[in-house]
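[1] Build the 3D model from these lines:
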Amino acid sequence: MLKEFGDKEHTTDMRLAISWNELGNAYMLKEQWTDGEECFKESIRVMCKVEGFKSTMISLPIVNLGLAYWITDRHGEALRVLKEGLAEREAAFGKDDKESFMYVWITSVSFAVYQTP
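    Prediction:
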């Protein structure tokens, strides 16, 4: 995708943002935690530049980033990012939103992180 778009610093295409998230998932499956984390951060960065950006658009890479933090024993960072993502969804859709599976995913991962000793 980067070849198609050229300079990634000026890209505002949602497909590229989604691609970064998916690449992060691939790295996580290979237990390459740092590479996965960086891809999730890049996905968020690109999504924030997409025309018509809404904070709820980054829910999926936020959950994935929180999971990456949790897996690498950075539970405080995981809870922080997950709570921020949850707050954005609740502000947009209300508590216990039914807009997508993201609310359940964010709350489930947050609970798991919170329960980790």
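[2] Report the secondary structure state of residue 34.
    helix (DSSP: H, G, I helix; E, B strand; the rest coil).
[3] how much space between it and residue 17?
    To residue 17, residue 34 is 20 Å away according to Cβ to Cβ, to the nearest Å. Where you see a C-beta, it was placed from the backbone N, CA and C, and this is true even at glycine.
[4] Same question for residue 115.
    Residue 115 is 31 Å from residue 17, by Cβ to Cβ.
[5] Please say which of the two ends up with more neighbours.
    Using other Cβ atoms under 10 Å as the criterion, residue 115 and residue 17 rank with residue 17 on top: 26 against 8.
[6] so what secondary structure elements neighbour the helix or strand where that one lies?
    Secondary structure from DSSP states H and E places residue 17 in helix 14-29. On a contact count with 3 or more Cβ pairs under 8 Å, 6 or more residues apart in numbering; DSSP states H and E, helix 14-29 meets helix 33-47, helix 59-71.
[7] among these, which is the most enclosed?
    Compared across the helices and strands packed on helix 14-29, helix 59-71 shows the largest average neighbour count, a mean of 24 (mean count of other Cβ atoms under 10 Å).
[8] Could you give the separation of that helix from the chain centroid?
    Distance of helix 59-71 from the chain centroid (Cα atoms, centre = their mean, to the nearest Å) equals 5 Å.
[9] now the angle from whichever helix or strand comes after that helix to helix 33-47?
    Note on helix 59-71: by DSSP H and E, the next helix or strand toward the C-terminus is helix 75-93. Interaxial angle of helix 75-93 relative to helix 33-47 (axes from the mean of the first three to the mean of the last three Cα atoms, to 10 degrees): 30 degrees.
[10] Would you mark the buried spots in helix 75-93?
    Neighbour-count burial for helix 75-93 flags 75, 77-79, 81-82, 85-86, 88-89 (criterion: 16 or more other Cβ atoms under 10 Å).
[11] and residue 95, how many neighbours?
    Per other Cβ under 10 Å, the neighbour tally for residue 95 reads 8.
[12] So for it, what's the pLDDT?
    As predicted, residue 95 sits at a pLDDT of 82.
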